[in-house]
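S.K.: Using only what follows, build the 3D model:
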Amino acid sequence: MFGHKIFGSVSDYYQYCNMKKIHFIAIGGALMHNLALAMHQQGYHITGSDDEIYDPSRSRLAAAGLLPQQMGWSPERITNELDAIILGMHARPDNPELAKAKALGLPIYSYPEYLYAQSQQKTRVVVGGSHGKTTTTAMIMHILHYHKVDFDYAVGAQLEGFDLMVRLSDAPIIVIEGDEYLSSPIDRRSKFLHYQPHIAILTGVAWDHINVFPTLENYQSQFDAFVETIDPKGTLIYYKKDAYLQALAAKTNCQTIGYTTPAATIESHQTYLQQDYNITNKVPVALQIFGNHNLQNLQAARLVCRELGLSDGEIVEAIASFGGAAKRLETLSSTAEQVIFKDFAHAPSKVKATIQAVQAQFPERKLIAALELHTFSSLNKEFLSQYQSAMDAADTAIVYYSEHTLAIKKLPAISAAEIQAAFGHKNLLVYTNPEKLATKLKELKAQKPVNVLLMSSGNWGGMVLD
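M.R.: Below you'll find the model as predicted:
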């Protein structure tokens with residue numbers, strides 16, 4: 001077992017673990033409320049605050065008795081009786097509860113700092129990269145869970161078979177989805193720089209989060225720094241057809257393992273893994289997932305599970321039942337003539353890979369691909385050109401964005417002509433009205449056989465597609 005300590009002594013570490021009264025500032029976030037629920041289950045006394053909390057966070061916190069009685073920030077909640085504060089990204093640096101905690105000298109942790117401190121005695125597996133983090137983490141979790149391996153985890157989506165997105169216990173392993181976004185309002189480091197992994201994955205690097213990393217070089221530097229945090233006796237597993245990752249792997253002193261896309265075939269809309277694994281029975285394995293990115297994610301997960309002691313036979317046995325992560329090529333409806341998919345894709349590399357995956361799985365069927373521009377990066381005129389050719393594999397491409405969202409993010413207005421020029425798709429339709437978008441999608445999807453792919457990290461302005 002690897003080990004790493006940031007505390008002055010073992011007694012300091014166990015004193016930390018015995019902290020019982022924890023207050024969450026901005027408890028309503030997806031990861032924050034899951035961490036609060038996980039700690040509540042472990043017997044911690046949890047309180048929290050936020051200015052707004054929406055479902056599903058609201059309902060889940062209420063069911064556990066953790067929903068704040070009043071919304072808003074109240075310094076009176078912060079007292080010397082608290083053992084620690086966990087600070088979420090949604091809070092502002094001038095938050096009055098944060099100011100009170102600082103004045104009292106209370107320990108203040110960001111989400112990743114707290115995870116790291118709680119995993120001092122564990123083997124830490126961290127999955128990083130611009131795309132595929134959630135799916136790769138979910139695959140590793142599925143394989144370990146299938147074989148009843150005891151492990152903790154922190155993942156960015158709700159997964160089948162797991163009640164929460166976070167688990168903290170005395171398990172000897174923790175699997176963490178390593179986000180490159182900021183840690184907290186007062187900690188501008190990327191989240192994954194806290195974890196100091198023993199086993200690290202990098203799936204690929206493609207510029208994102210322009211609001212925080214204004215240049216590609218600045219964005220890439222986060223991954224340079226991440227590799228430097230890997231335990232010297234640890235392992236970096238990386239996609240070796242990414243030129244940047246190849247160069248990065250060549251500079252690190254830890255063990256490196258490169259991977260590519262495993263061999264697979266598609267027959268009647270079904271993907272079969274052509275096993276090159278070291279097992280006796282090499283019959284192709286029918287997978288529930290598809291697309292080159294998912295196959296690459298599978299290869300990365302396989303290599304991690306090997307490092308954790310599982311055999312190829314055990315890995316193959318487990319992965320056949322993996323159904324994917326929520327909002328990652330999730331099937332909303334399926335008939336003999338049509339499948340409607342929902343996906344979280346929003347960054348250019350994700351959009352391109354997701355469209356190509358559906359097109360390859362159903363080559364004889366037309367594809368309608370709709371994308372909501374919702375993130376700061378995707379709505380930034382300086383970033384829009386990154387989407388050039390991203391939707392080319394779709395027969396009909398649709399881009400929706402909300403003018404209200406642009407205003408909230410204080411970004412300049414974007415015209416339909418600018419969207420069309422940026423994407424360069426000959427059959428691109430642009431909408432800013434969700435009702436008109438819903439009407440058009442209803443018209444297009446009636447022209448069966450045709451598949452529909454809905455890609456967004458937002459909510460389509462409340463659009464209902466029936």
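
S.K.: How about residues contacting stretch 331-342?
M.R.: Residues from elsewhere that reach stretch 331-342 (C-beta atoms under 8 Å, 6 or more residues apart in numbering): 327, 329-330, 358, 362, 445, 448-454, 465. Every residue, glycine included, has its C-beta placed from N, CA and C.

S.K.: try it again with 6 Å
M.R.: 327, 329, 330, 448, 449, 451, 452, 453, 454 (C-beta atoms under 6 Å, 6 or more residues apart in numbering).

S.K.: distance between that stretch and the chain's centre?
M.R.: Taking C-alpha atoms, centre = their mean, to the nearest Å, one finds stretch 331-342 lying 24 Å from the centre of the chain it belongs to.

S.K.: Buried residues in that stretch, which are they?
M.R.: Under the neighbour-count criterion of 16 or more other C-beta atoms under 10 Å, stretch 331-342 has 338, 339, 340, 341, 342 buried.

S.K.: Surely the last one forms part of a strand?
M.R.: Translated: residue 342. Yes: under DSSP: H, G, I helix; E, B strand; the rest coil, residue 342 sits within a strand.

S.K.: tell me the phi and psi of residue 133?
M.R.: With angles defined as degrees, to the nearest 10, residue 133 sits at phi -60, psi -50.

S.K.: Just the C-alphas of stretch 214-232, formatted as CSV.
M.R.: The C-alpha trace of stretch 214-232 is given here as CSV (Å, rounded to 0.1, in the frame of the first residue of the first chain):
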residue,chain,number,x,y,z
PRO,A,214,-7.6,31.9,-21.1
THR,A,215,-5.1,30.2,-23.3
LEU,A,216,-4.4,26.6,-24.4
GLU,A,217,-0.9,26.8,-22.8
ASN,A,218,-2.4,27.9,-19.5
TYR,A,219,-4.9,25.0,-19.6
GLN,A,220,-2.2,22.5,-20.5
SER,A,221,0.0,23.7,-17.6
GLN,A,222,-2.6,22.3,-15.1
PHE,A,223,-1.9,18.8,-16.5
ASP,A,224,1.9,19.4,-16.4
ALA,A,225,1.4,20.2,-12.7
PHE,A,226,-0.9,17.2,-12.1
VAL,A,227,1.8,14.8,-13.4
GLU,A,228,4.3,16.2,-11.0
THR,A,229,1.9,15.3,-8.1
ILE,A,230,1.9,11.6,-8.9
ASP,A,231,3.7,9.5,-6.3
PRO,A,232,7.2,8.8,-7.5
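
S.K.: can you pull the buried residues of that stretch?
M.R.: Residues of stretch 214-232 classed as buried: 219, 220, 222, 223, 226, 227, 229, 230, 231 (neighbour count, 16+ other C-beta under 10 Å).

S.K.: Just give me the longest helix of the chain.
M.R.: Longest helix of the chain, by residue count under DSSP state H: helix 292-307.

S.K.: That helix: how far from the chain's middle?
M.R.: On C-alpha atoms, centre = their mean, the centre of helix 292-307 falls 16 Å from that of its chain.

S.K.: following that helix, which helix or strand shows up next?
M.R.: Counting by DSSP states H and E, the next helix or strand C-terminal to helix 292-307 is helix 312-319.

S.K.: Which other helices and strands does that following helix contact?
M.R.: Here helix 312-319 touches helix 133-146, going by 3 or more C-beta pairs under 6 Å, 6 or more residues apart in numbering; DSSP states H and E.
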